[in-house]
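>>> Quick one, structure for this:
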Amino acid sequence: MHHLSRWILAAAILTTTCATTHAQVSWTGRTSGTTNTLLGNVWANNQVVTVGQQGTILTSPDGITWTKRTSGTTKTLTTVIWTGPSIGSGAGQLVAVGDSGTILTSSDGITWTSRTSGSLRAFGSVTWTGSQLVTVGQLGTILTSPDGIAWTSRTSGTTSYLGDVGWGNNLLVATGNNGTLVTSPDGITWTTRTSGTTQSITAVVWMGTQWVVSGTFGVVFTSPDGTTWTSRTSGTTVTMSSLTWTGSQLIAVPGGGGTAEIYTSPNGINWTTRVLSATLYSVAWTGTLLVGVGGNGTILTSPQTTAILPRAPLHHTENTGSFYTVSGRKFPGYGTQNPHQLPLLYLKK
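Model (predicted):
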């Protein structure tokens, strides 16, 4: 689920509304403090972290008040994920990737450390499998790392740009230009799959029961296993460049396509188009709030009480509230897999 391009969009930060089948969904513009295009965001247990052009990194405890952080780079950062409390001293690790082989890591979203990737190619996405990080990018580049520090180059079997990668059901799925789709059980050995399209596939997400990919000209495909793919009708010819799964709803946004719309689906098959007044590149889900980011520093939020559909019931623990499961391990909080979002397998029902 990632960005097809990095065009700067002259999108105003405004309070917006969009029609639903039964009610209005309210989106509120927030002050980001930057005019740089924001390309990716993630909910990291207790804060939203957003990245973008010129090495921009912003953090917020609530999606409303934002603080600019020092990244140490002016390279464009395309996406950021949170590993959950699997790396480091229980707090987990944030990993941001971007142009010219840029990889940054942080334990708190405030202090960021540059890592040596061994590559000068642009990275489009990164995901966490529960035991390793996997990043993909230009000319079929794939790197893996157990800790975000030491990175190893892998052979993808393609020279196409890979813009997104996801993890679910013990499988990695990476997508890219000209219908490119490759899968791997371990991040080392990759197999080319037949996607059924020559359109660029810009986004991938695991819903807990199936894979969903989307791309240029509104193409959408679903698969139960990452091998056999079925074409679905999205109802749009606009690029669906980013996908987020909230636990009950898929959310797609056009990114560089420049259209101020949002596309939603409960199952990857039936899609609804809604109009916004700003184009979004990425949407993160905090468990109570949708946070969308886009061009010209745009940040829009929509609370759970007016979210696109009521979220599905979640299992609760006594002390930590709802949790999600990664590789059979339970972690507190909520997350999204955008793409470059959280390495979320699914919100435990």
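
>>> Now do the contacts for Gly297.
13, 32-38 (CB atoms under 8 Å, 6 or more residues apart in numbering). Quick note: C-beta positions are derived from backbone N, CA and C, even for glycine.

>>> any chance of the residues you listed in CSV, with neighbour count, secondary structure and pLDDT too?
Formatted as CSV, the contacts of Gly297 follow (neighbours: other CB atoms under 10 Å; DSSP: H, G, I helix; E, B strand; the rest coil; pLDDT from 0 to 100):
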residue, neighbour count, secondary structure, pLDDT
Ile13, 19, coil, 25
Ser32, 22, coil, 98
Gly33, 14, coil, 98
Thr34, 20, coil, 98
Thr35, 15, coil, 98
Asn36, 19, coil, 98
Thr37, 26, coil, 97
Leu38, 26, strand, 98
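
>>> Determine which two of those residues are furthest apart.
Gly33 and Thr37 (14.0 Å; CB to CB).

>>> one step back: which one of the contacts of Gly297 is nearest Ser241?
Thr37 (12.9 Å).

>>> now that closest one: how far from Ser231?
31 Å (CB to CB, to the nearest Å).

>>> Thr159 now?
The spacing between Thr159 and Ser231, counted by CB to CB, is 25 Å.

>>> If you drop the residues flanking it in sequence, what lies closest to Glu211?
Check again: residue 211 is Trp, not Glu. Ser223 (4.5 Å; CB to CB, 6 or more residues apart in numbering).

>>> For that neighbour, which residues are in contact?
Contacts of Ser223 (CB under 8 Å, 6+ apart): 210-211, 213, 229-230.

>>> Mark which of those residues are part of strands, please.
Taking DSSP state E, the ones among the contacts of Ser223 that sit in strands are 211, 213, 230.

>>> Val204 is in contact with the second one, correct?
What it means is Val213. Yes. In this structure, Val213 is within contact of Val204 by CB atoms under 8 Å, at 4.7 Å.

>>> between those two, what contacts are shared?
173, 175, 243.

>>> By neighbours, which of those wins?
The most crowded member of the shared contacts of Val213 and Val204 is Leu243, carrying 34 neighbours; neighbours defined as other CB atoms under 10 Å.

>>> And the pLDDT for that residue?
We have a pLDDT of 98 for Leu243.

>>> where's it, which helix or strand?
strand 242-245 (DSSP states H and E).

>>> Strand partners (parallel or antiparallel) of that strand?
strand 250-253 (antiparallel) (DSSP bridges).

>>> hmm, who's touching the strand it pairs with?
Here strand 250-253 makes contact (CB under 8 Å, 6+ apart) with 203, 205, 207, 212, 214, 234, 240-245, 261-268, 271, 279-283, 285, 290, 292, 294, 308.

>>> The residues you listed in helices, which ones?
Among the contacts of strand 250-253, none falls in helices (DSSP state H).

>>> Bridging across strands, which residues link to Ser242?
Counting by DSSP bridges, Ser242 is bridged to Val253.

>>> From Gly98, how far out is it?
16 Å.

>>> higher neighbour count, the two?
Taking neighbours as other CB under 10 Å, Ser242 and Gly98 compare with Ser242 leading, 32 against 28.

>>> Thought Val212 was touching that one, still the case?
No. Between Ser242 and Val212 there is no contact under CB under 8 Å: 11.9 Å.

>>> what's the burial count for Thr31?
11.

>>> Now the phi/psi pair for it, please.
When read as degrees, to the nearest 10, the backbone of Thr31 gives phi -90, psi 120.

>>> ok, so what distance separates it from Gly297?
The value you get for Thr31 to Gly297, if CB to CB is used, is 8 Å.

>>> same deal with Gly63?
14 Å.

>>> ditto for Trp151
Relative to Gly297, Trp151 is positioned 31 Å away (CB to CB).

>>> before we move on, what about Val51?
Counting by CB to CB, the gap from Val51 to Gly297 is 13 Å.

>>> any residues in contact with both of the two?
Here Val51 and Gly297 have Leu38 as joint contacts, going by CB under 8 Å, 6+ apart.

>>> residues contacting Thr239?
Residues near Thr239 by CB under 8 Å, 6+ apart: 4, 202, 215-218, 254-257.

>>> So for those, which is the shakiest by pLDDT?
Least confident entry in those, by pLDDT: Leu4, with 40.

>>> Tell me how many other residues crowd Thr198.
11.

>>> My understanding was that it contacts Leu181; is that so?
No. Thr198 lies out of contact with Leu181 (CB under 8 Å); the separation is 11.6 Å.

>>> Can you list the residue ranges for strands in the stretch 1-150 of the chain?
Under the criterion DSSP state E, counting those that start in this stretch, the stretch 1-150 of the chain contains strands at 16-19, 24-30, 38-43, 48-52, 57-60, 67-69, 77-82, 94-98, 103-106, 113-115, 123-128, 133-137, 142-145.

>>> Make TSV from the ones you listed and add distance to Thr192 to it.
Converted to TSV, those look like this (distance: least, CB to CB, whole Å):
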stretch	distance to Thr192
strand 16-19	38
strand 24-30	39
strand 38-43	26
strand 48-52	30
strand 57-60	35
strand 67-69	39
strand 77-82	23
strand 94-98	23
strand 103-106	26
strand 113-115	29
strand 123-128	18
strand 133-137	14
strand 142-145	13
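
>>> I'd like to know which of those strands is closest to Ser302.
strand 24-30 (4.8 Å).

>>> Quick check: which helices or strands does that closest one pack against?
strand 16-19, strand 299-303 (3 or more CB pairs under 8 Å, 6 or more residues apart in numbering; DSSP states H and E).
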